[in-house]
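A.B. asks: Structure here, sequence nowhere to be found:
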């Protein structure tokens with residue numbers, strides 16, 4: 001059955017790509033390039049910022065914060081969007097090297113495939129930043145991200161709280177090429193070890209395409225009807241899992257978790273159809289990443305970076321940020337008072 005699913009999805013993808021090429025004259029080279037204009041004859045710091053894609057809601061928000069922060073600090077930022085194409089992202093980094101950027105920051109689509117080109121950038125004297133996802137064996141000058149193992153632990157604790165008697169659950173995550181996926185799984189399994197909760201169905205959504213989550217949950221339910229919950233790698237996947245659960249009249253009856261604090265997830269939490277989201281203050285991450293990138297470009301020491309992380313070969317300076325489990329109980333305090341979403345948007349469909 002899995003083969004038939006991929007075949008159908010492949011046909012849809014090819015059709016979409018063809019339509020895009022007709023309308024836009026080719027999608028592969030589409031990019032989100034933002035260059036803040038310098039006014040001092042090109043002496044401003046130059047930062048190249050490459051995103052795997054903008055499929056996940058949070059990246060647009062982070063792009064804007066990164067660019068505005070860097071601009072205020074006197075840097076120009078060239079933003080590139082690889083649209084989920086690993087080779088395209090490699091070419092973008094090659095372009096940054098050719099343009100002799102001072103700093104290159106990358107949200108990697110494939111944490112292993114970018115190792116060589118990031119090493120090439122560093123060998124060319126360019127400072128490099130692994131943004132949110134750790135690029136392996138690349139000896140980057142900085143890795144900034146949230147404690148992804150803690151994200152997994154927060155999700156697992158939610159299941160233990162709501163299903164203390166144990167039972168079967170699904171695990172729907174992003175692609176294996178995203179190192180964060182492996183870290184989250186490690187934390188999740190660590191907490192569930194020895195409990196009565198069993199992961200009976202696992203699937204990975206390539207490219208973080210949320211539509212796969214709908215298909216996989218439906219497939220899982222065809223094999224295991226009596227489940228206690230679904231763990232999703234992010235809130236976008238949780239949205240599609242919720243759709244599948246709704247069709248099976250299971251929404252609100254089983255535990256559903258995600259991460260990122262997306263608006264629709266927050267709405268589901270106050271409505272009672274999602275139990276928690278592992279919230280990460282992505283605006284803080286983007287602001288700090290921009291500030292560190294500027295410091296690196298100017299040759300300044302990152303005095304407040306005290307941790308390192310093993311990228312497989314090297315010990316990389318690591319700024320670790322802390323995620324928070326958001327539920328109905330702390331929604332107002334964390335999300336609304338924190339300014340991440342407006343109260344009227346979160347409580348759009350329910351009376352507070």
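C.D. replies: Nice, thanks for sending it over. The model shown is predicted, which means the values in this text are computed figures rather than measured ones.
A.B. asks: For the rest of this, base every contact and every neighbour count on C-alpha atoms.
C.D. replies: Fine.
A.B. asks: Name the spans of the stretch 1-150 of the chain whose pLDDT lies under the cut-off.
C.D. replies: Scanning the stretch 1-150 of the chain for pLDDT under 70 picks out 1-42.
A.B. asks: can you give me the strands in it?
C.D. replies: 45-51, 75-81, 103-107, 127-131, 142-146 (DSSP state E, counting those that start in this stretch).
A.B. asks: For the last one, enumerate the helices and strands it packs against.
C.D. replies: Right, the one you point to is strand 142-146. With contacts taken as 3 or more CA pairs under 8 Å, 6 or more residues apart in numbering; DSSP states H and E, strand 142-146 sits against strand 127-131, helix 282-297, strand 315-321.
A.B. asks: can you rerun that using 6 Å?
C.D. replies: Applying 3 or more CA pairs under 6 Å, 6 or more residues apart in numbering; DSSP states H and E, one finds that strand 142-146 contacts strand 127-131, strand 315-321.
A.B. asks: Ok, the third one next?
C.D. replies: Strand 103-107 sits against strand 45-51, strand 127-131, with contacts defined as 3+ CA pairs under 6 Å, 6+ apart.
A.B. asks: Relative to the last one, what are the paired strands and their orientations?
C.D. replies: Take DSSP bridges as the rule and strand 127-131 pairs in its sheet with strand 103-107 (parallel), strand 142-146 (parallel).
A.B. asks: what would those look like in TSV with distance to residue 58 and mean neighbour count?
C.D. replies: Below are the strands paired with strand 127-131 laid out as TSV (distance: least, CA to CA, whole Å; neighbours: other CA atoms under 10 Å):
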stretch	distance to residue 58	mean neighbour count
strand 103-107	12	26
strand 142-146	14	24
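A.B. asks: Any chance of CSV for these, columns distance to residue 80?
C.D. replies: Compiled in CSV, the strands paired with strand 127-131 are given as follows (distance: least, CA to CA, whole Å):
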stretch, distance to residue 80
strand 103-107, 10
strand 142-146, 19
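A.B. asks: Relative to residue 216, which of these is closest?
C.D. replies: The minimum distance between residue 216 and these falls on strand 103-107, with 25.9 Å, by CA to CA.
A.B. asks: Can you pull out the residues in contact with the closest one?
C.D. replies: If you take CA atoms under 6 Å, 6 or more residues apart in numbering as the criterion, strand 103-107 is touched by 47-52, 126-131, 297.
A.B. asks: tilt between that strand and strand 45-51?
C.D. replies: Strand 103-107 runs at 20 degrees relative to strand 45-51, counting by axes from the mean of the first three to the mean of the last three CA atoms, to 10 degrees.
A.B. asks: picking up where we left off before, out of the strands of the stretch 1-150 of the chain, flag the one nearest residue 347.
C.D. replies: strand 142-146 (27.4 Å).
A.B. asks: Quick check: residue 125 vs residue 98, distance?
C.D. replies: Computed as CA to CA, to the nearest Å, the residue 125 to residue 98 distance reads 12 Å.
A.B. asks: Apologies, that question was intended for residue 351.
C.D. replies: In terms of CA to CA, residue 351 sits 56 Å off from residue 98.
A.B. asks: Tell me which of these two has more neighbours.
C.D. replies: residue 98 (11 against 8; other CA atoms under 10 Å).
A.B. asks: ok, so what distance separates that one from residue 293?
C.D. replies: 19 Å.
A.B. asks: what's the answer for residue 244, then?
C.D. replies: Distance from residue 244 to residue 293, by CA to CA: 41 Å.
A.B. asks: Same check on residue 282?
C.D. replies: From residue 282 across to residue 293, the span is 16 Å (CA to CA).
A.B. asks: Residue 135 too?
C.D. replies: Separation of residue 135 from residue 293 (CA to CA): 16 Å.
A.B. asks: now the most centrally placed residue in the chain, nearest residue through space, not along the chain?
C.D. replies: Centroid-nearest residue in the chain, with CA atoms, centre = their mean: residue 56, separated by 6.6 Å. By the measure of CA to CA, 6 or more residues apart in numbering, the closest residue to residue 56 outside its immediate chain neighbours is residue 236, 7.0 Å from it.
A.B. asks: neighbour count winner among residue 244 and residue 293?
C.D. replies: Using other CA under 10 Å, the more surrounded residue of residue 244 and residue 293 is residue 293, with 30 against 21.
A.B. asks: The more buried one: what's its closest spatial neighbour, skipping adjacent residues?
C.D. replies: Of all residues not flanking residue 293 in the chain, residue 103 sits nearest, at 6.4 Å (CA to CA, 6+ apart).
A.B. asks: sorry, back to before: who wins for neighbours among the contacts of strand 103-107?
C.D. replies: Neighbour counts for the contacts of strand 103-107 (other CA under 10 Å) peak at residue 129, which has 30 neighbours.
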